[in-house]
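In: sequence-free structure coming up:
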């Protein structure tokens, strides 16, 4: 069955012929005016977010009451568009046996629309019963999250059949509080647990985040704080609508291109998800009896409190990158994102090498000659006491880009079962500037001789002096000889699975 439906419609005020082609999985909209006959719009099924039917759309110019079909999609220019389709001219072409609906009953038309909807938006039937929990951070980025919700996200979800709130309403629409996002996530998770205990178990929860990396970080940690302490297995589906100043997670989901708001919302409607992996970080100490031994990493004591642990989804950094974040925070409300460039230039004038010991477990190193990570997985130990000297730049992440164009970890993915680590040893200011420039050229820095790139499942970093770390954009102070323990979270060992719309 090649062609499923043909119908005449009105699109942007002009009559058009719409063909729904199952083989090509697309709608083709062709202008019917002779002077516009060359105007054709092709709409892939994957761009459609709603197919809606009105039994009585009101009288036409001829006085006849017509049912009407509306098809909504996201266009290439990331605008939401809608074609109003007049159903009394609908023809079903099925197995070469056309059924004409010139004077069809509403029941026959509804049957045809149901078939069309099932083909184009297959998840539509579940939308009405799906609870949407939207977290809006009004202070994030350019402070546009409220307008993004009311102007784009909520209308698209409503058209797609979801029940959404248009103002702060219980657990359906939650405006985040400064320094309170994690607790707000805990509160919602407690409701889920209570419902599960009462037998109203929902295994899957849909959460939208209109904010940046910091908001997503706090939501993931808040949900985990509660859900990991109860017996029910739960899945949290995360819809990331990028509205922050830092959107590294959303960047990686968009193949290093920040998705438009309409595109991000479309992914939620289409319903395709994938589990993503997190990193567990804690600050620990080495057992004093083994502090000076070469196998110190095998004698790290667990953190004294659970508060010393957190989940990361973007980055842990030490050295140059962490110092940029630490010092730029004081200029946030004065310079916006331009503050990072200014601070980086100042740090380049006073280059510093950071002293510490590093152990990578289940690790492999990038081979420049083969342009790939190769070799058996092993334990790799590095130290500032080695001939290579101190660490200038150190970064561990699950995301390929930390900002648009800055493809610093080209082999990283939130969906891979490893962490990517990049470090530079005893580098000069010129080397650092050269590497940064190459990273903005599609990741060409990988072949620079001063760059060391690894993949690992676990790392232990012992810092020799008190310093600042960057943990998902948050600055955390650590003391001399503290150990930063970072490891990949294995979903099989947890009660909560986090998935993201792709």
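Out: The structure has been received and is ready for your questions. What you see is a predicted model; the values in this text were computed from it and never measured. Numbers count the residues shown, from 1 in each chain.
In: got any ranges where the stretch 251-400 of the chain has weak pLDDT?
Out: 255, 306-308, 333, 336-337 (pLDDT under 70).
In: Mind jotting down where the strands sit in it?
Out: Assigned strands in the stretch 251-400 of the chain, in chain order: 273-275, 279-286, 300-301, 309-312, 315-319, 356-367, 372-383, 391-397 (criterion: DSSP state E, counting those that start in this stretch).
In: Pull out the buried residues from the last one.
Out: Buried residues in strand 391-397, counted by 16 or more other CB atoms under 10 Å: 391-397. Bear in mind the C-beta positions are built from the backbone N, C-alpha and C, glycine included.
In: will you turn these into TSV that also has distance to residue 19?
Out: Below are the buried residues of strand 391-397 laid out as TSV (distance: CB to CB, whole Å):
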residue	distance to residue 19
391	61
392	59
393	55
394	56
395	50
396	51
397	46
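In: How many neighbouring residues does the residue nearest to residue 32 when sequence neighbours are not counted have?
Out: Leaving out its chain neighbours, the residue that sits closest to residue 32 by CB to CB, 6 or more residues apart in numbering is residue 15, at 4.7 Å. Using other CB atoms under 10 Å, residue 15 has 13 neighbouring residues.
In: where does residue 15 land in three-state SS?
Out: The local conformation at residue 15, judged by DSSP: H, G, I helix; E, B strand; the rest coil, is strand.
In: Any idea what it is bridged to?
Out: Applying DSSP bridges to residue 15 gives these bridge partners: residue 10.
In: Isn't it up against residue 9?
Out: Yes: contact status for residue 15 versus residue 9: in contact at 7.4 Å, counting by CB atoms under 8 Å.
In: Now for the residue nearest to residue 153 when sequence neighbours are not counted, how many residues are close by?
Out: In this structure, residue 153 finds its nearest non-sequential neighbour in residue 265, 5.0 Å apart by CB to CB, 6+ apart. Counted with other CB under 10 Å, residues neighbouring residue 265 total 27.
In: I would like the residues contacting the helix or strand hosting residue 222, please.
Out: Using DSSP states H and E, residue 222 sits within helix 213-227. Residues from elsewhere that reach helix 213-227 (CB atoms under 8 Å, 6 or more residues apart in numbering): 135, 137, 140, 176, 181-186, 188-190, 192-193, 207, 209, 234, 236, 238, 240, 244, 246-249, 278, 310-314, 472-474, 494-496, 498.
In: Only whichever of these are buried, select them in PyMOL.
Out: This is how PyMOL selects the buried members of these, with burial counted by 16+ other CB under 10 Å:
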select buried, resi 135+137+140+176+181+182+184+185+186+188+189+192+193+207+209+234+236+238+240+244+246+247+248+249+278+310+311+312+313+314+472+473+494+496+498
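In: from the contacts of helix 213-227, which ones fall inside helices?
Out: Using DSSP state H, the subset of the contacts of helix 213-227 located in helices is 181-186, 188-190, 192-193, 248-249.
In: Residue 165: which of those residues is nearest?
Out: residue 188 (13.7 Å; CB to CB).
In: Let me know the distance separating the spatially closest residue to that closest one that is not a sequence neighbour from residue 445.
Out: Spatially, and ignoring its direct neighbours in sequence, residue 188 is nearest to residue 171 (5.3 Å; CB to CB, 6+ apart). Residue 171 sits 45 Å away from residue 445, going by CB to CB, to the nearest Å.
In: So between these two, which is more surrounded?
Out: Using other CB under 10 Å as the criterion, residue 171 and residue 445 rank with residue 445 on top: 22 against 16.
In: secondary structure class for the more buried one?
Out: Classification of residue 445 by three-state DSSP places it in helix.
In: from memory it sits against residue 431, does it?
Out: No: using CB under 8 Å, residue 445 is not in contact with residue 431; the gap is 10.2 Å.
In: quick check, nearest of the ones in helices among the contacts of helix 213-227 to residue 353?
Out: The closest of the ones in helices among the contacts of helix 213-227 to residue 353 turns out to be residue 248 (CB to CB; 26.2 Å).
In: And the pLDDT at that closest one?
Out: Listed pLDDT for residue 248 reads 92.
In: check contacts around it.
Out: Per CB under 8 Å, 6+ apart, neighbours of residue 248: 213, 314-315, 397, 399, 401-403.
In: Same question for residue 237.
Out: So residue 237 contacts 204-207, 273, 499-501 (CB under 8 Å, 6+ apart).
In: and with 6 Å instead?
Out: Neighbouring residues of residue 237 by CB atoms under 6 Å, 6 or more residues apart in numbering: 206, 273, 499.
In: Could I get those in TSV, plus columns for neighbour count and distance to residue 260?
Out: Listed next are the contacts of residue 237 as TSV, based on neighbours: other CB atoms under 10 Å; distance: CB to CB, whole Å:
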residue	neighbour count	distance to residue 260
206	20	20
273	20	19
499	16	21
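In: Pipe the residues you listed into CSV and attach distance to residue 461 per row.
Out: Below are the contacts of residue 237 laid out as CSV (distance: CB to CB, whole Å):
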residue, distance to residue 461
206, 36
273, 33
499, 30
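In: What is the most widely separated pair among the buried residues of strand 391-397?
Out: Longest span within the buried residues of strand 391-397, CB to CB: 392 and 397, 17.0 Å.
In: What does the residue nearest to residue 188 show for phi and psi?
Out: Dihedral pair for residue 171: phi -100, psi 10, per degrees, to the nearest 10.
In: Span of stretch 126-135 from start to end?
Out: 21 Å (CA to CA, to the nearest Å).
In: How far away from the center of its chain is it?
Out: The chain centre lies 18 Å from the centre of stretch 126-135; the measure is CA atoms, centre = their mean, to the nearest Å.
In: For that stretch, the averaged confidence score.
Out: Mean predicted lDDT for stretch 126-135 stands at 92.
In: Can you list the residue ranges for helices in the stretch 401-502 of the chain?
Out: For the stretch 401-502 of the chain, the helices defined by DSSP state H, counting those that start in this stretch occupy 429-439.
In: quick one, strands of it?
Out: Secondary structure of the stretch 401-502 of the chain (DSSP E, counting those that start in this stretch): strands at 419-425, 451-456, 458-463, 467-471, 474-478, 483-488, 496-501.
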